[in-house]
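Colleague: Just the structure for this:
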Amino acid sequence: MGNIGKRFKKASEGISREKHYGIAEAVKLVKASATTKFDETVEIAINLGVDPKHADQMVRGVVSLPNGTGKTIRVAVFAKGDKAEEARKAGADMVGDDDLAEQIQKGESGFDRCIATPDMMVTVGKLGKVLGPRGLMPNPKLGTVTNDVAKAVKDAKGGQIEFRAEKEGIVHAGIGKASFDEKALVENVSTFIDAINKAKPTGVKGVYMKGISISSTMGPGVKIDMASTVG
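Modeller: The predicted model follows:
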């Protein structure tokens with residue numbers, strides 16, 4: 001067994017694969033199992049009883065985590081004139097119009113969120129094949145097509161994350177770092193679960209939330225007791 005296998009085995013001690021834990025206990029176990037030298041991301045996976053191929057079962061939205069993600073978010077903004085200046089002042093990492101589109105077309109990928117003013121969507125629309133597969137296409141429903149670019153930039157930098165159900169109906173997200181204190185992680189986990197609950201689509205029949213687990217980047221998954229998420 002290699003070093004990674006040994007470390008994983010040690011990190012898994014005291015965690016039952018069958019047992020479901022309350023959120024606070026699950027957070028405690030995940031923090032204890034994050035034993036690498038780098039600050040691991042705490043990730044959540046929620047298994048939903050949805051089929052995203054059907055429009056009325058798509059789960060997608062944004063949520064602001066009360067304690068941020070611990071990750072530095074790089075933001076690209078498509079805007080001109082005053083709006084471009086507002087975006088720069090708000091802390092955007094890349095701002096431009098046709099020049100920015102050209103950079104992205106050539107392979108520029110150093111950003112995690114893409115925002116655009118409505119008048120720039122003709123330009124941005126041509127980047128669909130590049131931005132779409134990376135989940136970066138600006139969208140009015142997610143607040144990333146807006147004239148209030150300053151707010152959109154600040155939201156992105158301040159801990160707002162996007163979520164989307166993948167084809168198996170699973171939502172994944174990074175909701176903090178292992179170095180966060182337990183209270184901060186519990187608040188972030190609870191806020192994220194609440195947002196997924198509120199995003200329940202009209203077409204869902206039967207059980208909506210089938211299972212929730214959290215883990216650190218290199219650690220084992222810890223199942224969360226659904227009853228502990230109510231309240």
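
Colleague: With just CA atoms, put the biggest helix by length in the chain into PDB.
Modeller: In the chain, assigned by DSSP state H, the helix with the most residues is helix 182-198. Output of helix 182-198 as PDB, limited to C-alpha atoms (Å, rounded to 0.1, in the frame of the first residue of the first chain):
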ATOM      1  CA  GLU A 182     -16.400  24.000  12.600                       C
ATOM      2  CA  LYS A 183     -19.100  26.700  13.100                       C
ATOM      3  CA  ALA A 184     -18.200  28.400   9.800                       C
ATOM      4  CA  LEU A 185     -18.300  25.100   7.900                       C
ATOM      5  CA  VAL A 186     -21.600  24.000   9.500                       C
ATOM      6  CA  GLU A 187     -23.100  27.400   8.500                       C
ATOM      7  CA  ASN A 188     -21.900  27.000   4.900                       C
ATOM      8  CA  VAL A 189     -23.100  23.400   4.600                       C
ATOM      9  CA  SER A 190     -26.500  24.300   6.000                       C
ATOM     10  CA  THR A 191     -26.900  27.400   3.700                       C
ATOM     11  CA  PHE A 192     -26.000  25.300   0.700                       C
ATOM     12  CA  ILE A 193     -28.400  22.500   1.500                       C
ATOM     13  CA  ASP A 194     -31.100  25.100   2.100                       C
ATOM     14  CA  ALA A 195     -30.500  26.700  -1.300                       C
ATOM     15  CA  ILE A 196     -30.800  23.300  -3.000                       C
ATOM     16  CA  ASN A 197     -34.000  22.700  -1.200                       C
ATOM     17  CA  LYS A 198     -35.400  26.000  -2.300                       C
END
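
Colleague: helices or strands up against that helix?
Modeller: Here helix 182-198 touches helix 23-33, strand 41-48, strand 60-64, strand 160-164, strand 170-177, strand 209-216, going by 3 or more CB pairs under 8 Å, 6 or more residues apart in numbering; DSSP states H and E. In this view, the C-beta of every residue, glycine as well, is placed from N, C-alpha and C.

Colleague: Where does the prediction get shaky in the chain?
Modeller: For the chain, applying pLDDT under 70 flags the ranges 1-17, 230-231.

Colleague: how close does the nearest residue to Ile175 once chain neighbours are set aside get to Glu162?
Modeller: Leaving aside its sequence neighbours, Ile175 sits nearest to Asn188 (CB to CB, 6 or more residues apart in numbering; 4.6 Å). Look at Asn188 and Glu162: by CB to CB, to the nearest Å, they are 15 Å apart.

Colleague: Show me which of the two is the more surrounded one.
Modeller: Asn188 (27 against 18; other CB atoms under 10 Å).

Colleague: Correct me if wrong: that one contacts Lys177.
Modeller: No: Asn188 is not in contact with Lys177 according to CB atoms under 8 Å; the separation is 10.1 Å.

Colleague: Could you pull out the residues contacting both of these two?
Modeller: Jointly contacting Asn188 and Lys177 under the rule CB atoms under 8 Å, 6 or more residues apart in numbering are Val42.

Colleague: residue contacts, Ala84?
Modeller: Going by CB under 8 Å, 6+ apart, Ala84 touches 77, 95-97.

Colleague: For the residues you listed, please prepare TSV with the additional fields distance to Gly68, neighbour count and secondary structure.
Modeller: Shown next, in TSV, are those (distance: CB to CB, whole Å; neighbours: other CB atoms under 10 Å; DSSP: H, G, I helix; E, B strand; the rest coil):
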residue	distance to Gly68	neighbour count	secondary structure
Val77	20	31	strand
Val95	23	23	strand
Gly96	27	20	strand
Asp97	30	19	coil
